[in-house]
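[1] need coordinates for the below:
(chains A and B)
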Amino acid sequence: MSILVDRNTRVICQGITGKVGEFHTRGCLEYGTRMVGGVTPGKGGEKIADLPVFDTVAEARDATGANATMIFVPPPFAADAILEAVAAEVELVIAITEGIPVLDMARVLPVVENSKSVLVGPNCPGVITPGQCKIGIMPGYIHTPGNIGVMSRSGTLTYEAVWQLTQLGHGQSTCVGLGGDPLVGSSFIDILSLFEKDPETQAILMMGEIGGSAEEEAAAYVKEHVTKPVAAFIAGRTAPPGKRMGHAGAIISGGKGTAEAKLEALRDAGIEIAETPADMGAAMVRAIQRKK
Amino acid sequence: MPSVPYCVGIKKVFPPSFFKSIRSSTPSSEKVVMKIHEFQAKELLRAADVPVLDGKIARTPEEASLAFQSLGTPVCAVKAQIHAGGRGKGSVKGSEQHGVELAKSADDAFRIAEGLLNKTLVTIQTGPEGQVVRQVFIESGCDIKQELYCAILVDRAAGSPVLIASTAGGMDIEEVAAKTPELILSEPFDPDRGLGAYQARLMASQLGLPTASWRYAVQFFQALCKAFVSLDASLLEINPLVLTGDGTLVALDAKMTFDDNALFRHKRVLSLRDESEEEPAEIRAAAAGLSYVKLNGEIGCLVNGAGLAMSTMDLVKFHGGEPANFLDVGGGANVEQVTEAFQIILSDSNVKAILVNIFGGIMRCTTIANALVEASKTVGFTVPLVVRLEGTEVEDGKKILASSDTSIITADGLTDAAQKVVESIKA
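    Numbers count the residues shown, from 1 in each chain, chains lettered A, B, ... in the order given. Predicted coordinates for the structure are as follows:
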């Protein structure tokens, strides 16, 4: 078990003929992901990395039996690519693309909610179940199969956390990048509920950041519904208010957005806090020991 | 959608903090948001059928005087055009003059414009250094019966744009939200369907507008919401929104910012950019595809990924240092971008040491290593440079650094890197 993806997940790449799409399709293949094809309108019939390219997602799905898609389509067309995947009833849609207009996502989200598809991202590193399936841009070798569920709003910070866990001898069940945009498909709560249900996941590590109230909502959810040990780190404790830190979502907008408010909510929910980014792996270990 | 902690019934109550995102932005700090001047916002609104007053832009006192005459109203407002709010209460350095004043004659307009143009205006949003006024907007007066507030922005929790309005016009909306949250009304709307007429009527009714004015309110709010969506704005704030003596509504002020990610489909909006209002280093960074925010410390940071960049700043601070900047080189940076990033960091004279923290995903460690060597040749590092690499092609990256004749200090792990860079300043 694991969540969202495993060795049976059959993956296509939307935007496979682009430089980045091709590079990461090859990366996923090397990792052992069951990549089964790609989609680029107008390039149907070509081959990339020995995989068939299709003009539409529906064709790709019918021909390959794909149940997941990884989107590298450029920002102006990415929202449409998500909608196409949802229309083709692909179960898992992972949007890596950074820079999608926020109103495009406001149009996409209600469609996703009323569909059978789960959307992860956009502006995220993807999802990986170590040793089984990697969909996205994360460096595969830092991960180890194991029992920690990892989720984060930030890509490279997730790598950092996973690296620390691996160094401490703790493998990961599944790692999910939620994405750094204000509007994303899956929330901490969506993923928490999957981790809580997953027998393979024994503990959960989450990385949040300043801005919005997703971490506070996650804390409230953990308090009510999660029985497994949880540890958390919040990036941006020293960021000055009003300054937008790269991610469109990362801006302190008063009480709800500050790192301190988030940490307080997390502590209140019994979550172990990593005081520094170097402490993330160790905080997870503390949370597990405390729960025993 | 997850439940929102501050949702009360179906009517949403916004916390005061919600409005800080409207208020707290300084012009130099945001990569993701492009700002324009009030007069430009009003041109866009006029084109979108949102009622605004007649006005003219002036760059000299003579032009201001002529503008007054051509507008032909007994009173005009002369308004400094800078990318910051709080102009009405702000004042010009070294004088008593405010950023917005009323002129009752062409001579008045001349005098006020003279007092503003090429002078430095200090408001609560500019910081103590203020901003130079390069143009003034001369706007017709109007018969103000009541001042209201309205704004549109994208609400994360609702996942849609939301129209907000309050009877507390012209006031600090954060304060209103803190003291009297019940005075703030909100209506989320679908970007494509737009605001329903019923929603606009509901708002008009809750704002206590006379029923004769409701049709103007429907027209105003619907046009405003349509403008927000069609221009991919990130914020559209009308404060005050004025109910006039004859019962119509008009936007007396307009503040508008845009979603940078959508500017590719708005050439007209892009042409309104006024770079003289922005921080030079941040313009330079944006041009190179980097995300840079200048801060006041001594340790320059170059990191890939926004979350890791923030965390690196946190760690520097934890170990007793002060970060000089936030800099995210992004996932796919090349040698040119990284070189430019170093030059931008070094252009800040406060920087006494640089910490590079790269965890390679898309970004390969060899790219950053080559860029470091390249940059040290072209830029020439005059300050200690501590480098921590991890991720894709890390071994090759480390080899490139080791075989170069640069004085780079390498670090193993985060804590080691932060300690070394803080230590390098003390030495």
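[2] for stretch B:411-424, give the mean pLDDT please.
    Rounded to a whole number, the mean pLDDT of stretch B:411-424 is 92.
[3] so what touches that stretch?
    A:160, A:276-278, B:299, B:312, B:315-316, B:318-321, B:353-355, B:357, B:384, B:386-388, B:409 (Cβ atoms under 8 Å, 6 or more residues apart in numbering or on different chains). Where C-beta positions appear, they are placed from N, C-alpha and C, glycine not excepted.
[4] now do it: distance to the chain's middle.
    33 Å (Cα atoms, centre = their mean, to the nearest Å).
[5] show me which positions of that stretch end up buried.
    Across stretch B:411-424, burial judged by 16 or more other Cβ atoms under 10 Å in any protein chain shown covers B:411, B:414-415, B:417-424.
[6] TSV please, covering these and showing secondary structure and distance to A:Gly42.
    Converted to TSV, the buried residues of stretch B:411-424 look like this (DSSP: H, G, I helix; E, B strand; the rest coil; distance: Cβ to Cβ, whole Å):
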residue	secondary structure	distance to A:Gly42
B:Ala411	coil	47
B:Leu414	helix	45
B:Thr415	helix	50
B:Ala417	helix	46
B:Ala418	helix	49
B:Gln419	helix	54
B:Lys420	helix	52
B:Val421	helix	50
B:Val422	helix	54
B:Glu423	helix	56
B:Ser424	helix	54
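[7] which ones are touching the residue in the stretch 201-350 of chain B that chain A sits nearest to?
    The stretch 201-350 of chain B approaches chain A most closely through B:Gly307 (2.2 Å), counting by Cβ to the nearest Cβ. Counting by Cβ under 8 Å, 6+ apart, B:Gly307 makes contact with A:152-158, A:180, A:207, A:209, A:235, A:247, A:250.
[8] got phi/psi on the nearest residue to it once chain neighbours are set aside?
    Distance criterion Cβ to Cβ, 6 or more residues apart in numbering or on different chains; nearest residue to B:Gly307, sequence neighbours excluded, is A:Ser154 at 2.2 Å. The phi/psi pair for A:Ser154 (degrees, to the nearest 10) reads phi -130, psi 140.
[9] around A:Ser154, how many other residues sit close by?
    By other Cβ atoms under 10 Å in any protein chain shown, 33 other residues sit near A:Ser154.
[10] need the contact list for it.
    With Cβ under 8 Å, 6+ apart, A:Ser154 has these contacts: A:177, A:180, A:207, A:209, A:235, A:247, B:305-308.
[11] now, the residues you listed that are in strands?
    Counting by DSSP state E, the contacts of A:Ser154 place A:177, A:207, A:209, A:235 in strands.
[12] out of these, who's near chain B?
    A:207, A:209, A:235 (Cβ under 8 Å from any Cβ of the partner chain).
[13] just send those residues back as a markdown table, with neighbour count, pLDDT and distance to B:Gln222 too.
    Formatted as a markdown table, those follow (neighbours: other Cβ atoms under 10 Å in any protein chain shown; pLDDT from 0 to 100; distance: Cβ to Cβ, whole Å):
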| residue | neighbour count | pLDDT | distance to B:Gln222 |
| --- | --- | --- | --- |
| A:Met207 | 28 | 95 | 41 |
| A:Glu209 | 31 | 88 | 36 |
| A:Ala235 | 29 | 91 | 40 |
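[14] and those, which is closest to A:Asp104?
    A:Glu209 (22.4 Å; Cβ to Cβ).
[15] count the residues that sit near the residue nearest to A:Val226 when sequence neighbours are not counted.
    Leaving aside its chain neighbours, A:Val226 sits nearest to A:Glu196 (5.2 Å; criterion: Cβ to Cβ, 6+ apart). By the criterion of other Cβ under 10 Å, A:Glu196 has 18 neighbours.
[16] tell me who's in contact with A:Glu196.
    A:225-228.
[17] ok, of those, which one's closest to B:Thr180?
    A:His225 (34.9 Å).
[18] measure the nearest residue to the closest one once chain neighbours are set aside to A:Gly169 for me?
    Nearest-residue entry for A:His225: A:Glu196, 6.4 Å, with adjacent residues in sequence omitted and distances by Cβ to Cβ, 6+ apart. Remark: distance between A:Glu196 and A:Gly169 (Cβ to Cβ, to the nearest Å) = 24 Å.
[19] double-check that A:Glu30 belongs to a helix.
    Yes - counting by DSSP: H, G, I helix; E, B strand; the rest coil, A:Glu30 is part of a helix.
[20] tell me how many other residues crowd it.
    12.
[21] next up, the contacts around the residue located most distally from the centre of chain A.
    In terms of distance from the mean C-alpha position of chain A, A:Gly45 ranks first, at 30.7 Å (Cα atoms, centre = their mean). Counting by Cβ under 8 Å, 6+ apart, A:Gly45 makes contact with A:52-53.
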